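# Whatever this is, show me its structure:
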Amino acid sequence: MKQKKEIIIATNAIEGEIRFAILENSQLVELYLEHDIRKTLVGRVYKGRVENVITGLRGAFVNLGLKKNGFLPLADIPESEIFDESTLEVEPDTKKREIKPLIINPGQEIICQITKEPIGEKGARITSYISLPGRYLVFFPWASRIGISRRIHERRVRGKLRDFAKRIKKPDVGLIIRTSAQTASEQEVKNEYYELERRWSNIELQAKKEKAPILLHDDSDVLIKVVRDMFTHEVDALVVDDEPKYKRVIEYLNKIAPSLKDRVSLYKGATPIFEHYKVEQELSKIIERKIWLKSGGFITVDQTEALVAIDINSGKFSSEEDPERLIFQTNLEAAAEIAHQIRLRDLSGLIIIDFIDMVDSKKMDIVVRELKMCLENDRAKADFSKVSRFGILEMTRERTRPGLLHTLTELCPICKGLGRVISRTEIAMKIEHALFLKSHQLKGRKVKIMVSPLVHDFMTTDRQDQLANFAKKFQMALEIRPDTALQFSDYKILMVI
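Just a heads-up that it's a prediction; the model follows:
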């Protein structure tokens, strides 16, 4: 059964922000947020200056004019990685190139492109292998092979497109022919090739004129990128809630895909577009740690700097008479929900999934197949290991930008990302210890203790008797006062004259 696929674009909710929701059968599966103050950097081409080369890391740090230097691996990327044969049908490499390390020195100026957004303490990941994407083609000025999307299923069509690409491209230019090219005319593909070639010539010309660091090319018009990369013939509808942006989409489609214009509509409803399509209610759940399953079980998602850990729990119905059947049912349902959460939250990097152990290994194979099948529409590349004997599956997913957790949240100023804070009992004991160390000075005095409101409630109720005994033992009068300016674990001890 064909899925109904829609792209919803919300632009009038907050000034300077644009949000894209992708729905499959009316369910939110992907969300993209773009704001004037946090525009995506992926795809930008810079002329950078090498600051230092770290042999131990096999990479170099390059000044791009951003807050943090970009990281450039010293090992040149082989074309086998660019032209991934799992997703592309690639012509054989007859030249048999030897993979050589990049030879660069501090102070050297190079043209490079951002492939991964800065995240946490890490700067942007960059490459010297430039690519310029279009709707039908991806242009590689420093490659030479041709790759064709395997989503073009007919061998005859792939062969026809390959032959056409060979006729129009220069010998030292590489091309990836995208899925949407199968519905385009030869003239449309040809026009785009010449446009990408012209764009690269302009980049080279500017690079010769300007000194590093400088931005040479910005591919950050997110509205056009979404229409170019996502609005294909597989999408049933694209709905925009802003008339100027609606006109821009129509104008762009007039040039590159006139047949899709009828699928674009302007939303004019009184209710905000995300509420109308029930996207807003899903947004509140995106950062929740626990996700309940219909069977009564649940999964938890914990994101760290190094990896994402996902755990499955049988939950409410752990007293089931047939536990093996329950476990299989829970794992199977969890696999589908995990695939949904991976796409929705844009989880990437190393992902560890701890399925509930099952006696029958064949059932675990079914669970893993379900996970992979539910990720078939995912545009990010993923790789899977075998399930360990402990029921743990390791997988990796391509990371190009920070996930939604980093976009929608910020580091907690109290716990600093730990997720837990020092207990109120421990804070009270620290205060008592500080008073004890100064007890000879405070004897017979009135002492005012300023604490956060939460700690004040604890110390004047649960800890009241212990504090009374402490004050009596060391002969001091204690007054506990709340101070909203103090953070949870902070306190002040004031001696009243």
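
# ok, the helix or strand encompassing Val29: who's next to it in the sheet?
Assigned by DSSP states H and E, Val29 falls within strand 27-35. Strand 27-35 has these partner strands in its sheet, going by DSSP bridges: strand 17-24 (antiparallel).

# mind showing which ranges of this protein have poor pLDDT?
Across the chain, the ranges flagged by pLDDT under 70 are 1, 12-15, 36-38, 75-86, 91-102, 220, 316-321, 400, 497.

# residue closest to the middle of it?
Gly403 (2.6 Å; Cα atoms, centre = their mean).

# these two touch, right, that residue and Asp346?
Yes - using Cβ atoms under 8 Å, Gly403 is in contact with Asp346, at 4.3 Å. Glycine gets a C-beta too; all of them are placed from N, C-alpha and C.

# Adjacent strands (with direction) for the next helix-or-strand element following the strand holding Val29?
Of the helices and strands lying after strand 27-35 in sequence (DSSP H and E), the nearest is strand 45-54. The sheet places strand 45-54 alongside strand 59-63 (antiparallel), strand 109-116 (antiparallel), strand 214-217 (antiparallel), with pairing taken from DSSP bridges.

# which residues in the chain form helices?
Assigned by DSSP state H, the chain shows helices spanning 79-82, 155-168, 186-209, 222-230, 243-256, 273-276, 280-283, 323-345, 361-374, 404-408, 424-437, 439-442, 453-459, 464-473.

# Out of these, flag the one nearest Tyr136.
helix 186-209 (4.9 Å; Cβ to Cβ).

# Give the buried residues for the closest one.
188-193, 196-197, 199-200, 203, 206-207 (16 or more other Cβ atoms under 10 Å).

# for stretch 338-350, same thing?
In stretch 338-350, counting by 16+ other Cβ under 10 Å, buried: 338-349.

# of all those, which two lie farthest apart?
His340 and Gly349 (18.3 Å).

# could you list every residue that touches Gly444?
Going by Cβ atoms under 8 Å, 6 or more residues apart in numbering, Gly444 touches 475-476.

# measure it to Met459 for me?
According to Cβ to Cβ, to the nearest Å, Gly444 stands 22 Å off from Met459.

# ok, now Lys116?
Per Cβ to Cβ, Lys116 is found 48 Å from Met459.

# In terms of neighbours, single out the busier of these two.
Taking neighbours as other Cβ atoms under 10 Å, Lys116 and Met459 compare with Met459 leading, 24 against 21.

# you'd agree that one is up against Met429?
No - counting by Cβ under 8 Å, Met459 stays clear of Met429, with 10.9 Å between them.

# list residues touching both of the two?
Residues touching both Met459 and Met429 (Cβ under 8 Å, 6+ apart): there are none.

# Could you check how many residues crowd around Lys39?
Residues lying near Lys39 (other Cβ under 10 Å) number 12.

# same question, the one 5 residues further on
By the criterion of other Cβ under 10 Å, Arg44 has 20 neighbours.

# contacting residues around it?
Contacts of Arg44 by Cβ under 8 Å, 6+ apart are 113-114, 215, 217-220.

# change it to 10 Å
Arg44 sits next to 64, 66, 112-114, 124, 126, 215-220 when contact means Cβ atoms under 10 Å, 6 or more residues apart in numbering.
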